[in-house]
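*Asks:* sharing a sequence plus its predicted fold:
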Amino acid sequence: MNPRLLTGIILAVATMAGTVAVAQCCTSGQQDCKTHCNGQDSCSVLNPAIGATDTISYFRFERYDVNKPKKSEVLQLSKYDSQNLSHYLYFRMWGSNKGYSYSDVSTPNELTALGNVVANLHPEQYPCINFEDEDKGRSRWMLRVRYTSGKEISIVQYTDQETSPTHVLLIDAVEPIFKGLSARAIHHELKSDYSISSYDPDGNLIQRIDYTAQGIVHGGYNPNKPGLTY
């Protein structure tokens, strides 16, 4: 997708959605939008602008459709620290009840690509809203991003109030990256220990099974049978 086209559409959407705020998020390491409002219960702050020298270290995208049948998606890729070349990968694709997590993978190109997607989104046009403040009764998309510079972004947007489907543009840009990673996982190209988790329609964990990089079961967890061994 042409970056300028994506930027233009998203800027228009942000303006029409009334996301103009009174202040801009500071670059504190704390992931708490309210700290930028001096503890006020109700205030409006914008996410920080992303510069050319800002390097992404953490990306998490979630979206939920609360209409029946319920659907959801969670996609995460992150570094363990700014010096570490290893990454943590988690993906539960749209409509799937299984989540896959890989503890030690090298995906610098994919993380850089996700950083470009976020930059084109222009997060400074969106209010800073904590994930913890989401309304779970509404369909929504959510984005949390961190940078080695200390900047942090937290966006929660409800799809029933969008004048244009911004989340569709994000999905078109983000999902191919994670589908590529999932294909590498299926073909055992990610040499990492991993876990496969199963969820019910409400997103509650049913079971997690842990595997070695060679695909051998070495543990797991069942919330309904916590003493179960694997």
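*Replies:* That came through, no problem. Numbers count the residues shown, from 1 in each chain.
*Asks:* tell me where this protein has strands.
*Replies:* 23-24, 45-46, 56-65, 71-79, 87-92, 98-105, 140-147, 152-158, 194-199, 205-211, 217-221 (DSSP state E).
*Asks:* dump those strands to JSON lines, plus distance to K179, mean neighbour count and mean pLDDT.
*Replies:* Just so you know, the C-beta spots here come from the backbone N, C-alpha and C atoms, and that holds for glycine as well. JSON lines is the format used below for the strands of the chain (distance: least, Cβ to Cβ, whole Å; neighbours: other Cβ atoms under 10 Å; pLDDT from 0 to 100):
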{"stretch": "strand 23-24", "distance to K179": "34", "mean neighbour count": "13", "mean pLDDT": "34"}
{"stretch": "strand 45-46", "distance to K179": "31", "mean neighbour count": "21", "mean pLDDT": "88"}
{"stretch": "strand 56-65", "distance to K179": "13", "mean neighbour count": "21", "mean pLDDT": "95"}
{"stretch": "strand 71-79", "distance to K179": "10", "mean neighbour count": "20", "mean pLDDT": "95"}
{"stretch": "strand 87-92", "distance to K179": "9", "mean neighbour count": "22", "mean pLDDT": "96"}
{"stretch": "strand 98-105", "distance to K179": "12", "mean neighbour count": "18", "mean pLDDT": "95"}
{"stretch": "strand 140-147", "distance to K179": "18", "mean neighbour count": "22", "mean pLDDT": "95"}
{"stretch": "strand 152-158", "distance to K179": "22", "mean neighbour count": "22", "mean pLDDT": "93"}
{"stretch": "strand 194-199", "distance to K179": "17", "mean neighbour count": "17", "mean pLDDT": "97"}
{"stretch": "strand 205-211", "distance to K179": "21", "mean neighbour count": "16", "mean pLDDT": "96"}
{"stretch": "strand 217-221", "distance to K179": "26", "mean neighbour count": "13", "mean pLDDT": "96"}
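*Asks:* from L77, how far out is T107?
*Replies:* Counting by Cβ to Cβ, to the nearest Å, the gap between T107 and L77 amounts to 6 Å.
*Asks:* export the strands of the chain to a markdown table and append columns for distance to V118.
*Replies:* Shown next, in a markdown table, are the strands of the chain (distance: least, Cβ to Cβ, whole Å):
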| stretch | distance to V118 |
| --- | --- |
| strand 23-24 | 16 |
| strand 45-46 | 14 |
| strand 56-65 | 7 |
| strand 71-79 | 12 |
| strand 87-92 | 16 |
| strand 98-105 | 20 |
| strand 140-147 | 5 |
| strand 152-158 | 7 |
| strand 194-199 | 26 |
| strand 205-211 | 28 |
| strand 217-221 | 32 |
